[in-house]
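>>> this one's structure only:
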């Protein structure tokens, strides 16, 4: 008998935020779907929306209102240009921000892109018992975030702790 619990597959929705991407050329969205499925999770839904805070909020709000969705991964719109608005769109939806995610992501990204990581406004949080991760739009950033941070925290076997073990308590008052 093993001391480790059996893997718990989560339902994860993937959102690409872009004014130019289509399903045919959505490299980051497709990469995230592949990575989460390779890990054993299920892609519950996938969508592409324009970099418009109301479209972003509408799609993510639908997912966080759906009790079947455990996690939302968004890619794109985290830079500093005038059209980059994903953090501003998502932040008001969060019940709690997980500040350490953005900090840790930038530290890990520094290994690959050096000081350019300062331009990333990646963030994570919880809304209505749904984890939300806001990632940059590049495939490299999505791979870094998934392989070096998110996948372990979405694996209930990771010790000493992980985000999955907290899920039953996310709605406590």
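Structure's in. What do you need? The structure presented is a predicted model; accordingly, all values stated were derived computationally and were not measured. Residues are numbered from 1 along each chain as shown.

>>> chain center to the lowest-mean-pLDDT helix or strand in the chain, what's the gap?
Of all the helices and strands that make up the chain, the one with the lowest confidence by mean pLDDT, DSSP states H and E is helix 99-113; it has a mean of 95. The gap between where helix 99-113 is centred and where its chain is centred comes out at 14 Å by CA atoms, centre = their mean, to the nearest Å.

>>> residue contacts, residue 47?
Counting by CB atoms under 8 Å, 6 or more residues apart in numbering, residue 47 touches 13-16, 59. No exception for glycine: its C-beta is placed from N, CA and C like everyone else's.

>>> what residues of stretch 134-146 count as buried?
Buried positions in stretch 134-146, judged by neighbour count with 16 or more other CB atoms under 10 Å: 134-138, 141-146.

>>> what about those residues, which are in strands?
Secondary-structure check on the buried residues of stretch 134-146 using DSSP state E: residues within strands are 134-135.

>>> pLDDT of the following helix or strand past the least confident helix or strand of the chain, averaged?
Next helix or strand after helix 99-113 toward the C-terminus (DSSP states H and E): strand 123-127. The average pLDDT within strand 123-127 is 98.

>>> so the least confident helix or strand of the chain versus strand 123-127, what angle?
Orientation check (axes from the mean of the first three to the mean of the last three CA atoms, to 10 degrees): helix 99-113 against strand 123-127 gives 150 degrees.

>>> correct me if wrong: residue 53 contacts residue 88.
Yes - applying CB atoms under 8 Å, one finds residue 53 in contact with residue 88, separated by 5.8 Å.

>>> for the two, work out which one has more neighbours and name it.
Remark: of residue 53 and residue 88, residue 53 carries more neighbours, 17 against 13, as counted by other CB atoms under 10 Å.

>>> list the contacts for that one?
85, 88-89.

>>> apply 10 Å and report the result again.
Residues counted as contacts of residue 53 (CB atoms under 10 Å, 6 or more residues apart in numbering) are 17, 77, 85-92.

>>> equivalent analysis for residue 132, please.
Residue 132 neighbours (CB under 10 Å, 6+ apart): 13, 15, 60, 63-64, 71-74, 90-91, 93-94, 97-98, 123-126.

>>> for it, grab phi and psi.
With angles defined as degrees, to the nearest 10, residue 132 shows backbone torsions of phi -130, psi 130.

>>> list the contacts of stretch 60-67.
When contacts are taken as CB under 10 Å, 6+ apart, the neighbours of stretch 60-67 outside the stretch itself are 11-15, 17, 44-45, 47, 49, 69-72, 74, 86, 89-90, 93-95, 126-132, 134.
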